[in-house]
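Peer 1: Got a predicted model here, sequence first, then my questions.
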Amino acid sequence: MMENAKVDPAKISLVGLRVLKAHFESSITDINEVALARFNVGMKSESAFNLQENYRRLVIFVKIKAVGEGGAVLDAVAEYQIAFDFIIDNLNDFVEFEEDKEHFNVSPVIGATVAGIAYSTCRGIVFDRTQGTDFNGVILPVINPHQLLDQDSFSDL
């Protein structure tokens, strides 16, 4: 059944959003005297499900480090953890149970759809939260939502 399931945006509701962690740390005394070149960004996500309630939680972890000219990592870092709670009316259409009937797999189609919604919201939150800091409004990169689900660049940063 999972292969034939179609995403219907009307059946997806973002019912909760909570910033679990918003941490900014910098020992730079005057950002205007530092040759800030770019930011390195690392991300990962974790998911939880309650299939009986059609509920999915997606937590996005973001780490941002300032980089100076010549590639020198500066002593300025920000970390965010943001939890997104979704109700997906037809979530079970995207679930396939394994033989043991306890473990299950969720279709990457609904995974990427929910990740895309959450990540785009996360981008706005991080931009807003970094305004007025040494980072002066970081715009997170546009990514393929599958990348957020499949890769961990957060731990590497």
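Peer 2: Thanks, I have it. Numbering: from 1, shown residues only.

Peer 1: which stretches of this protein form strands?
Peer 2: Along the chain, the stretches classed as strands by DSSP state E are 12-26, 36-50, 55-68, 73-88, 95-97, 104-106.

Peer 1: Output those strands in TSV, with mean pLDDT, distance to residue 129 and mean neighbour count appended to each entry.
Peer 2: In short, each C-beta sits where N, CA and C put it, glycine included. Conversion of the strands of the chain to TSV gives the following (pLDDT from 0 to 100; distance: least, C-beta to C-beta, whole Å; neighbours: other C-beta atoms under 10 Å):
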stretch	mean pLDDT	distance to residue 129	mean neighbour count
strand 12-26	95	6	13
strand 36-50	93	14	16
strand 55-68	95	10	20
strand 73-88	94	7	19
strand 95-97	93	34	14
strand 104-106	93	30	15
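
Peer 1: Can you check which of the ones you listed gets nearest to residue 146?
Peer 2: Each of the strands of the chain was scored for nearness to residue 146 using C-beta to C-beta, and the closest is strand 36-50 (10.9 Å).

Peer 1: tell me the residue furthest from the middle of the chain?
Peer 2: With distances taken as C-alpha atoms, centre = their mean, the residue sitting farthest from the centre of the chain turns out to be residue 33, at 31.7 Å.

Peer 1: Report the beta-bridge partner residues of the residue most central in space within the chain.
Peer 2: The centroid of the chain falls nearest to residue 60 when counting by C-alpha atoms, centre = their mean (3.2 Å). In this structure, residue 60 has beta-bridge partners residue 45, residue 82, where bridges are defined by DSSP bridges.

Peer 1: My guess is residue 60 contacts residue 43. True?
Peer 2: Yes: if you go by C-beta atoms under 8 Å, residue 60 and residue 43 touch, sitting 6.7 Å apart.

Peer 1: Next one: residue 3 relative to residue 130, how far apart?
Peer 2: When distances are taken as C-beta to C-beta, to the nearest Å, residue 3 and residue 130 turn out to be 41 Å apart.

Peer 1: Now the longest helix along the chain - C-alpha only, CSV.
Peer 2: Selection of the longest helix in the chain by residue count, based on DSSP state H, yields helix 108-130. Included here for helix 108-130 are C-alpha records, laid out as CSV according to Å, rounded to 0.1, in the frame of the first residue of the first chain:
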residue,chain,number,x,y,z
PRO,A,108,10.5,8.6,2.0
VAL,A,109,7.8,10.5,0.1
ILE,A,110,5.9,11.5,3.3
GLY,A,111,9.3,11.8,5.1
ALA,A,112,10.6,14.4,2.6
THR,A,113,7.3,16.3,2.5
VAL,A,114,7.3,16.7,6.3
ALA,A,115,11.0,17.5,6.4
GLY,A,116,10.6,20.1,3.7
ILE,A,117,7.8,21.9,5.7
ALA,A,118,9.8,21.7,8.9
TYR,A,119,13.1,22.8,7.4
SER,A,120,11.6,25.8,5.6
THR,A,121,10.1,26.9,8.9
CYS,A,122,13.4,26.3,10.6
ARG,A,123,15.2,28.5,8.1
GLY,A,124,13.0,31.4,9.0
ILE,A,125,13.4,30.8,12.8
VAL,A,126,17.2,30.7,12.6
PHE,A,127,17.3,33.8,10.4
ASP,A,128,15.1,35.7,12.9
ARG,A,129,17.0,34.4,15.9
THR,A,130,20.4,35.3,14.5
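
Peer 1: No further queries at this time; thank you.
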